[in-house]
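Student: sequence and predicted model, in that order:
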Amino acid sequence: MVRPKKYLGQHFLKDREIAKDIVEALTGHMHYKTLVEVGPGTGILSGFLLGRPGKLVLVEIDRDSVDYLKSHFDVEKEQIIQGDFLKLDLNTIDNTGLGIIGNFPYNISSQLFFKIIEHHTLVREVVCMVQDEVARRISSSKGHKTYGILSVLLQAYYDIEYLFQVPPDVFFPPPKVNSGVIRLKRNEVAELPCNTTLFKSIVKQGFQNRRKTLRNALKPLNLPAGLSEHVFMSKRAEQLGPDEFIELTNIVEELWNK
């Protein structure tokens, strides 16, 4: 028995049918050969993953969970990495392409998604369980109140589907909120057709004051004066999709270069 550790945000899934549904949500999009499970814990997903073709790597920060996995599953030593996924160089696992799966700890889920964005050329598919509010925010489209920074940045590189909700009582210990399972599949955009650093700055600043129009929300960026009258500037950040943020980024660059 592994005791869940609150400081690691551990909530162990108990329901095998739900675990099976999560694993079966993987499609092998873009034909990656290596699958990384983030935070396998006591291995309820791992048991189903071990029967799949391809290479499986389990990344677990908790020593007790690592010992449990080694003693309860037929896994090779090199299949388990004891360490922090956030600090891991994913290229050392497989630089040709990866799938990622896991029950993401609530307390670091946003950091995990930002790492996925950083490695968007490598990560082809993600199936994960997160706090339901986060799952719905990431998968929501422009115009929704839940639409935010991660929605735009992730949707720029991935097609995202909200799959199903998971209640608290199927975990030990039960969290205080529902969870949601989502799937991210890499789109056909190799790289964004704009200055990605500026794109991220505009998106993040736009949502810092989401109730304001972009004309006012983006003032701290000292954007070109000629931008003020553009139709986008009278809208709020939540009203623009990734393509429109890309267009806005290119307009800013053009004005700066004049």
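Tutor: Yep, that arrived. Every value quoted in this text rests on a predicted model; they were computed, and no experiment measured them.

Student: could I get the buried residue list for stretch 152-165?
Tutor: For stretch 152-165, burial by neighbour count (16 or more other CB atoms under 10 Å) applies to 152, 153, 154, 155, 156, 157, 158, 160, 163. Where you see a C-beta, it was placed from the backbone N, CA and C, and this is true even at glycine.

Student: just the residues you listed now: which is nearest residue 208?
Tutor: For these, the residue nearest residue 208 by CB to CB is residue 152; the value is 13.1 Å.

Student: among the buried residues of stretch 152-165, which are in helices?
Tutor: 152, 153, 154, 155 (DSSP state H).

Student: just the residues you listed now: which is nearest residue 31?
Tutor: For those, the nearest to residue 31 is residue 154 (21.3 Å; CB to CB).

Student: what's the nearest residue to the closest one if we skip its chain neighbours?
Tutor: residue 138 (5.8 Å; CB to CB, 6 or more residues apart in numbering).

Student: residue 31: neighbour count?
Tutor: 10 (other CB atoms under 10 Å).

Student: repeat for residue 111
Tutor: Neighbour tally, residue 111, other CB under 10 Å: 13.

Student: one more: residue 73?
Tutor: Counted by other CB under 10 Å, the residues lying close to residue 73 total 17.

Student: is residue 145 in contact with residue 238, as I believe?
Tutor: Yes - contact status for residue 145 versus residue 238: in contact at 7.2 Å, counting by CB atoms under 8 Å.

Student: give me the more crowded residue out of the two.
Tutor: residue 238 (20 against 9).

Student: do you know how far residue 34 is from residue 103?
Tutor: 19 Å (CB to CB, to the nearest Å).

Student: tell me which of those two has more neighbours.
Tutor: Per other CB under 10 Å, whichever of residue 34 and residue 103 has more neighbours is residue 103, with 26 against 19.

Student: and this protein, what are its domains?
Tutor: Listed by automatic domain parsing, the domain ranges of the chain are 6-186, 196-257.
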